[in-house]
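Undergrad: Provided below for reference: sequence and predicted model.
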Amino acid sequence: VVPDLGKTVESVMKLYMLTKFFSSLLYSEKLTKINIEVLQKQLLPTCQLLEVEEDTVLIDEDSQAERFFFLYHGRVSATKLMPPDDNNPTERSIEVGMLAAGNYFGEISILTSTPCRATLKALTRCMMLVVDKSKFQSIWCSIPGFRAEFLVRILGLSCHLEHVLEHDVARRSFESHMTSEFSSEGLKFYYKAYDYWEKYKEREALGNKMMATEIYDKYLSVNAPEQVNIPGTMREAVEAELNSSDGPSATIFSNSRAEAFSMIEKDNFKRYKKTDAFQLLLKSLRAYPNIDLQKVNVHDLMDKSGQTRYSRPTQSQKKRLSVHAIDEAGPILAPRPTFEQQKNLAETQMGLQSPTEEADRMQMLSSGANAEDAMAQVGREPGP
């Protein structure tokens, strides 16, 4: 069989562009080191190569973006329609900036369901990697940490705890804050409870009993050395199940785990967002400037499915978690950071990058003179 060289070349180009996008333009370590098989098998089939001629309109101002664009070659102008004023009696379109190779756009509108704030039009012949909105939402955003990569930067001070926990760099910063407040026991319990849930089926009954007892004694009992602040009735329910003849179920800590999540968010996380460390985090992640959150329903950006590590269970889900099999509801917990991730915390908070990473970013971003102005209009800076 003679191979289709055209399709082969196109696939190679798309894979190269995908690799560059993840390795050079994102900040989460998991995403910059994403497995090549994920790119090839999961993301590559969702992408299209798009070549457009000069003056082609890619996105209209005040319209919903239907595609995500990664600009690989060429230049794109950002223009806004200005209302009449004393000096200009009619509406007029003004150029507010220019995007160059290495920039991407459309993700803010897709993720927040808000209109685009500028018209983007090709200034030259352009080559882009394009992903339809539905595939971006259902496939790209299913990659662990991908949705959080953008929502932390888009929402800034309005981001949610689950977004920070899902983003490995942001999570390390928050863990450092918890340690500085001498209140890391909540997160420790949070992680331990997930470890218990995740491996429940792999252990024998005795092993589950021993691990559940260890967690209870260390974090929940009246004399626990690292006691977590949960209601007494919740603590008693865990103790009763632990001492029952049937032994502990997979969901013995589900309610107390959800309570710990809620307490951390209302207390520690709220204070964290007022610290210099959080501002430094947003700066190091290049959070998007000038996002008008009045147009964004921030509450809708919570993960309320109850089906992932980071989603917050509803009241009905909390009740169901205590009586149903573990397959019916996922945990809400973030995976424990590795020793290497913890060791890099200081560098992360200072916004430092390795020379190789910085060189890759600078090589990708041959930004135009007005790229920063343009990205401010569409909601972010020109690139890392």
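TA: That came through fine. Numbers count the residues shown, from 1 in each chain.

Undergrad: so where is the protein shaky, pLDDT-wise?
TA: Within the chain, the segments meeting pLDDT under 70 span 1-5, 290, 292-384.

Undergrad: Let's see that with 90 instead.
TA: Low-confidence segments of the chain (pLDDT under 90): 1-9, 82-93, 96-97, 117, 194, 198, 288-384.

Undergrad: longest helix in it, by residue count?
TA: Identified as the longest helix of the chain according to DSSP state H is helix 5-25.

Undergrad: In that one, which residues are buried?
TA: 11, 14-15, 17-18, 20-25 (16 or more other Cβ atoms under 10 Å). The way it works is simple: take the backbone N, C-alpha and C, and place the C-beta from them, glycine included.

Undergrad: who are the neighbours of that helix, in terms of helices and strands?
TA: Judged by 3 or more Cβ pairs under 8 Å, 6 or more residues apart in numbering; DSSP states H and E, helix 5-25 is in contact with helix 29-32, strand 47-52, strand 67-73, strand 126-132, helix 355-364.

Undergrad: Quick one, which of these gets closest to Leu165.
TA: helix 29-32 (12.7 Å; Cβ to Cβ).

Undergrad: Quick check: what element follows the closest one along the chain?
TA: Sequence-wise, the next helix or strand downstream of helix 29-32 (DSSP states H and E) is helix 36-37.

Undergrad: is it possible to export the helices and strands packed on helix 5-25 to CSV including distance to Pro89 and mean neighbour count?
TA: Formatted as CSV, the helices and strands packed on helix 5-25 follow (distance: least, Cβ to Cβ, whole Å; neighbours: other Cβ atoms under 10 Å):
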stretch, distance to Pro89, mean neighbour count
helix 29-32, 49, 18
strand 47-52, 34, 16
strand 67-73, 35, 21
strand 126-132, 34, 20
helix 355-364, 43, 13
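
Undergrad: Columns distance to Glu61 on top of the ones you listed, output as TSV?
TA: As requested, those are exported to TSV (distance: least, Cβ to Cβ, whole Å):
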stretch	distance to Glu61
helix 29-32	30
strand 47-52	18
strand 67-73	15
strand 126-132	19
helix 355-364	27
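
Undergrad: which one of those lies closest to Arg147?
TA: Closest to Arg147 of those, according to Cβ to Cβ: helix 29-32, at 10.8 Å.

Undergrad: Pick out the residue nearest the middle of this protein.
TA: Among the residues of the chain, Ala148 comes closest to the average C-alpha position under Cα atoms, centre = their mean, at 0.9 Å.

Undergrad: Now do the contacts for it.
TA: Shown in contact with Ala148 (Cβ atoms under 8 Å, 6 or more residues apart in numbering): 28, 162-164, 166-167, 170, 310.

Undergrad: which two from these end up farthest apart in space?
TA: Taking Cβ to Cβ, no two of the contacts of Ala148 sit farther apart than Ser28 and Glu162, at 14.5 Å.

Undergrad: that older thread, highest neighbour count among the contacts of Ala148?
TA: Counting neighbours by other Cβ atoms under 10 Å, His167 leads the contacts of Ala148 with 31 neighbours.

Undergrad: mind checking which helix or strand the closest residue in space to that one that isn't next to it in sequence is in?
TA: Using Cβ to Cβ, 6 or more residues apart in numbering and skipping the chain neighbours, the partner closest in space to His167 is Ala148 (4.3 Å). Following DSSP H and E, the helix or strand that holds Ala148 is helix 146-155.
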